[in-house]
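**Student:** What shape does this take:
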Amino acid sequence: MARRQKKKRQIKYFDYSLLFIIIFLICFGLVMLYSTSAYDAQLTFKDPTHYLKRQGFAFALGLFGMFVISRIDYRVWKKFGGVAYLVAILLCTLVLIPGIGIEHNYSRRWLGIPNSSLEFQPSEFAKLAVIMFLASMICRFPKKMAKFSTVVKVMIFILPLFALIAYNNLSTAIIVMGIGVAMIFVASPKYLQFVIVGAVGVLGIVLFLVLPSAGYRGERVEMWLHPENYAKGYQTLQGLYAIGSGGLFGKGLGNSMQKLGFVPEAPNDMIFSIICEELGLFGAICVILLFLLLIWRFMVIANNARDLYGALLVTGIMAHIAIQVILNIAVVTNSIPNTGVTLPFISYGGTSVVFLMAEMGLALSVSRGIQFEPNASEIAYD
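**Tutor:** Numbers count the residues shown, from 1 in each chain. So this is what the prediction gives:
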């Protein structure tokens, strides 16, 4: 009697858990954005749904992009990493040119689209570009990442973009640098060199903030330590009042008082304080748990990716989301000096939403490439 073993059947995978979490965050973000922005939108635009409609359009555009990108083999983008990085440098340079870059709240961070009222923030594209660039670059010489000299060379490559963004947007520059460090950390088998790089980086940031030439950055540190002594500390204090007044279960959805003109930029950087006020500590913890679930799914996909390139892409996306969430919540709770960082999927911002959804499409594309084999062989007997 002959025994014949059938060819093992490969099972393709798609991370529906990640997709569900993304959709839930989108829906929750739209609900909180409307609750937070309706009063201001009514006063400013005579339309309480003004911000909601614009954000909804951005999410619709982003969802379409996410679907398209998730259907494309992620390895196609490997050859475009360098191009994306050069485009990011060009766009971030244009922002700094007077007459081309658009200024809001004394910060020039936007580019306008001709013959339209739409504006584009190149630094959001830069985050995605750095992820694509470093993933393709590291894959060219993965075995050399154990050398400290290689780590330094890779970091030097992203310094031009870091410097361009840091000129007028230090918080985004820190996120870009954090993405780079996380991706290199994952690719390198040695950890001591990152301790050295981290120590040098922390020292550099401290000097950057406390030297006499620090200017407004040094003032921000003082406002962080003593917000009650500065007029610009008003936003921080009002945000803390919102968090404290929410209690355990909050005042109820839509019942925030601080959003009625007391908390500046409530739909943007400070939306987490309104979440705390309306949904309380319980709601805040639920939001944090959602982001932890999102990061966990990224870890699962990265660990099971079919190749190093896919794993690095998802690692960069995971680092981006994690760093941005941590910085936003830390700013709102006054754990670090105040700086402009949005809460992913929830804060108002069309450019941020579109490129976040593009990153989610990449992560889903990597998950689609994961293949599993049955634990037991299928055996047939003749």
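**Student:** Could you report the distance from residue 248 to residue 45?
**Tutor:** 35 Å (Cβ to Cβ, to the nearest Å). (Glycine included, C-beta is placed from N, CA and C.)
**Student:** Looking at these two, which is more packed in?
**Tutor:** residue 45 (11 against 8; other Cβ atoms under 10 Å).
**Student:** who touches that one in this structure?
**Tutor:** Going by Cβ atoms under 8 Å, 6 or more residues apart in numbering, residue 45 touches no other residue.
**Student:** Can you point out the buried residues in the helix or strand hosting residue 92?
**Tutor:** Secondary structure from DSSP states H and E places residue 92 in helix 81-95. For helix 81-95, a neighbour-count test (16 or more other Cβ atoms under 10 Å) marks 81, 84, 85, 88, 89, 91, 92, 95 as buried.
**Student:** Enumerate every residue touching residue 59.
**Tutor:** With contacts defined as Cβ under 8 Å, 6+ apart, the neighbours of residue 59 are 26, 30, 353, 357.
**Student:** The host helix or strand of it - what's its average pLDDT?
**Tutor:** Using DSSP H and E, residue 59 falls within helix 50-71. Averaging pLDDT along helix 50-71 gives 96.
**Student:** again with stretch 316-330
**Tutor:** 96.
**Student:** and it, how far out from the chain's middle?
**Tutor:** A distance of 6 Å separates the centroid of the chain from that of stretch 316-330, by Cα atoms, centre = their mean, to the nearest Å.
**Student:** Same check on stretch 86-103?
**Tutor:** 21 Å.
**Student:** what sits up against it?
**Tutor:** With Cβ under 8 Å, 6+ apart as the test, stretch 86-103 has contacts from 108-112, 119, 122-123, 125-126, 129-130, 160-161, 164-165, 167-168.
**Student:** likewise stretch 173-180?
**Tutor:** 123, 126-127, 130-131, 134, 154-155, 158, 161-163, 165-166, 201, 316, 319-320, 323-324, 327, 341.
**Student:** try 7 Å
**Tutor:** For stretch 173-180, the external contacting residues (Cβ atoms under 7 Å, 6 or more residues apart in numbering) are 126-127, 130-131, 134, 155, 158, 161-162, 165-166, 316, 319-320, 323-324.
**Student:** now the helices for the chain?
**Tutor:** Along the chain, counting by DSSP state H, helices occupy 16-45, 50-71, 81-95, 122-138, 148-166, 170-187, 192-210, 216-225, 234-246, 271-304, 308-332, 350-368.
**Student:** So for residue 265, which of the ones you listed sits nearest?
**Tutor:** Nearest of the helices of the chain to residue 265, taken as Cβ to Cβ: helix 234-246 at 7.1 Å.
**Student:** hang on, the earlier thing: now the buried members of the contacts of stretch 86-103.
**Tutor:** By 16+ other Cβ under 10 Å, the contacts of stretch 86-103 give 108-111, 122-123, 125-126, 129-130, 161, 164-165, 168 as buried.
**Student:** How much space separates residue 111 from residue 99?
**Tutor:** Where residue 99 is concerned, residue 111 sits at a distance of 11 Å (Cβ to Cβ).
**Student:** oh, I was asking about residue 73
**Tutor:** Distance from residue 73 to residue 99, by Cβ to Cβ: 41 Å.
**Student:** Tell me which two of the contacts of residue 59 sit farthest apart.
**Tutor:** 30 and 357 (13.5 Å).
**Student:** Among these two, which residue is more densely surrounded?
**Tutor:** residue 357 (24 against 17).
**Student:** The more buried one reaches residue 62, doesn't it?
**Tutor:** Yes: the criterion here is Cβ atoms under 7 Å, and residue 357 meets it with residue 62 at 2.9 Å.
**Student:** joint contacts of these two?
**Tutor:** By Cβ under 7 Å, 6+ apart, no residue touches both residue 357 and residue 62.
**Student:** so what does the longest strand along the chain touch, helix or strand wise?
**Tutor:** Counting residues, the longest strand found in the chain (DSSP state E) is strand 107-112. Identification of packing neighbours for strand 107-112 by 3 or more Cβ pairs under 7 Å, 6 or more residues apart in numbering; DSSP states H and E yields helix 81-95, strand 101-104, strand 119-120.
**Student:** returning to that earlier point: may I see the buried residues of the helix holding residue 59?
**Tutor:** 50-52, 54-56, 58-59, 62-63, 65-66, 69-70.
**Student:** just curious, which of those is nearest to residue 229?
**Tutor:** residue 51 (32.7 Å).
**Student:** show me what contacts the closest one?
**Tutor:** Applying Cβ under 7 Å, 6+ apart, we find residue 51 in contact with 33, 37, 41, 267, 348.
**Student:** Before I go, just wanted to say thanks for your time.
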